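make a model of this:
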Amino acid sequence: MTVRRHDPERRDRIIDACLDLIAEVGVAGVSHRKVAALADVPLGSMTYHFAGMDELLREAFGRFSRSVSDGFEQRMSEATDLASARALVVEIITHDVFGTERDLVLTHELYTLAAREPAFRELTNAWMTRSRAALERHFDPVTARMLDAMIEGLTIHRALDTELPTEETITEAVHRLTAGPDVIGRTSGDRQPGLPIT
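This next block holds a predicted model:
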């Protein structure tokens, strides 16, 4: 192991190593010793920088979720009208959210952990809140919430389904969800057959 007398980036390196290890072996396979070895730091550095494994996991998953949210916000900030906003949602689904196998594994490891441990739901809730806020720059709040759920669902399908939804199918789904009541006739006298009067 390399000796580093002055190592101001050690804490960051531990967090990055933790994420790499989670992506490789899952949360259940992570230990202080394994993270320290991967980060090339003394084992004592783990307890010096983090009170315990839960704190390290929260820091690691917090870093990961913030990086995904940053990318999401950046992508949606490029939209200038409804058409470009729709196109960017399709890009997010087909290219961004689970752009790599590593991102897919980390996301699902976080979901699983948050399902069991309420403390980690703060991270997933913050992630969803930022996603919805980015979508609400272009869509109403109800549509943004539904879009956020659809983005999650379709990206999971694209990552795990043996028959991937095509980009054309995803584009059609986004268009249908963002059509708005004026397009489908709910606020006009030309109500489409089968649609309830609201």
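
what's the longest helix in the protein?
helix 53-77 (DSSP state H).

check the gap between the nearest residue to Cys18 once chain neighbours are set aside and Glu73 for me.
Leaving out its chain neighbours, the residue that sits closest to Cys18 by CB to CB, 6 or more residues apart in numbering is Ala60, at 4.2 Å. (C-beta placed from N, C-alpha, C; glycine too.) Between Ala60 and Glu73 the distance is 21 Å, computed by CB to CB, to the nearest Å.

would you mind listing the buried residues in the longest helix of the chain?
By neighbour count with 16 or more other CB atoms under 10 Å, helix 53-77 contains the buried residues 56-62, 64-65, 68-69, 72, 75-76.

what's the pLDDT at the spatially most central residue of the chain?
The chain has Val68 as the residue nearest its centroid, 5.4 Å off, counting by CA atoms, centre = their mean. Reported pLDDT at Val68 in the predicted model: 93.

touching, it and Met128? I think so.
No. Using CB atoms under 8 Å, Val68 makes no contact with Met128, being 11.2 Å away.

ok, and the closest non-adjacent residue to Leu110?
In this structure, Leu110 finds its nearest non-sequential neighbour in Phe61, 4.9 Å apart by CB to CB, 6+ apart.

how about the contacts made by that neighbour?
Residues near Phe61 by CB atoms under 8 Å, 6 or more residues apart in numbering: Leu106, Leu110, Leu113, Phe120, Leu123.

again with Arg145
Shown in contact with Arg145 (CB under 8 Å, 6+ apart): Arg132.

for the helix or strand hosting it, what is the average pLDDT?
According to DSSP states H and E, Arg145 maps onto helix 141-160. Throughout helix 141-160, pLDDT has a mean value of 88.

then stretch 93-107?
Rounded mean pLDDT across stretch 93-107 is 84.

contacting residues around it?
Stretch 93-107 is contacted by residues 19, 22-23, 26, 61, 64, 68, 71-72, 75, 151-152, 154-156, 158-159, 167, 170, 174 when judged by CB under 8 Å, 6+ apart.

C-alpha coordinates for that stretch, CSV please?
What follows is stretch 93-107, C-alpha atoms only, in CSV (Å, rounded to 0.1, in the frame of the first residue of the first chain):
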residue,chain,number,x,y,z
ILE,A,93,-34.8,7.7,-21.1
THR,A,94,-32.8,6.2,-24.0
HIS,A,95,-29.3,7.5,-23.1
ASP,A,96,-28.9,9.3,-19.8
VAL,A,97,-30.5,7.7,-16.7
PHE,A,98,-28.9,4.3,-16.9
GLY,A,99,-26.2,5.3,-19.4
THR,A,100,-23.8,2.6,-18.0
GLU,A,101,-24.2,-0.8,-16.3
ARG,A,102,-22.5,0.8,-13.3
ASP,A,103,-25.2,3.5,-13.1
LEU,A,104,-27.9,0.8,-13.4
VAL,A,105,-26.5,-1.3,-10.6
LEU,A,106,-25.9,1.7,-8.3
THR,A,107,-29.4,3.0,-8.8
